[in-house]
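>>> Fold the stuff below for me.
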Amino acid sequence: MHKNTLTVTYLTYEQGQSDFFLLQDGRQSAVIDISSGTRSILQRALSTLQDQGETEIDQYLLAAYHANTENTICRLLSSEIVRNIYLPQTETEEQIAIAAAITQAAEKNGTAVIYYEP
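I've put the predicted structure just below:
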C-alpha cells in the first residue's frame, strides 16, 4: 500500500506581512496566499515550489484582495499552470473589479474559478 505524505511549507516575507502556505502530497500541490499581493514575493514562493519539483499548481487559494492582487494573479495565470483558483467573495466595487479581471485571465488560461465565503 502506498502512503502519501502531506508536506506543509510555511513561507514568510516582509516581516510576516506576506505569507504563503505550500501544501504537497506527492500528487498535487496547493498554495494558500495570505500575502500583500506583491509579485516579487509570489515569485519567491513559486521558486520554492519549483525547487521541490512542482511544475504546476493544482489549487491556489487567495485569502484577500490587495492593491497589487489583480496584476500579480493575472500574471501568474498567464505564466504558470494553475488548475483551480479560489477567490474570496467580493464586498466592495474595487474587489469586484479585481475579481472580474482575475476571472477573465483564469478563463483565458483554462483555470477554474471557485468563489468561497471567508
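
>>> rest of the way, CA atoms for contacts and neighbours
OK.

>>> Return the list of helices and strands in contact with the helix or strand containing L46.
Secondary structure from DSSP states H and E places L46 in helix 39-51. Applying 3 or more Cα pairs under 8 Å, 6 or more residues apart in numbering; DSSP states H and E, one finds that helix 39-51 makes contact with strand 18-24.

>>> how far off strand 18-24 does the helix holding L46 point, in degrees?
When axes from the mean of the first three to the mean of the last three Cα atoms, to 10 degrees is applied, the directions of helix 39-51 and strand 18-24 differ by 20 degrees.

>>> going on from helix 39-51, what's the next piece of helix or strand?
Past helix 39-51, further along toward the C-terminus, the next helix or strand under DSSP H and E is strand 57-62.

>>> so what secondary structure elements neighbour that next one?
Using 3+ Cα pairs under 8 Å, 6+ apart: strand 57-62 touches strand 29-34, strand 82-88.

>>> contact partners of the shortest one?
Contacts to strand 29-34, defined as Cα atoms under 8 Å, 6 or more residues apart in numbering, come from residues 18-24, 54, 56-64.

>>> again, 7 Å this time
Contacts with strand 29-34, where a contact means Cα atoms under 7 Å, 6 or more residues apart in numbering, come from 18-24, 57-64.

>>> Mind picking the lowest-pLDDT entry from those?
In terms of pLDDT, S18 ranks lowest among these, with 76.

>>> what's the neighbour count on it?
By other Cα atoms under 10 Å, 17 other residues sit near S18.
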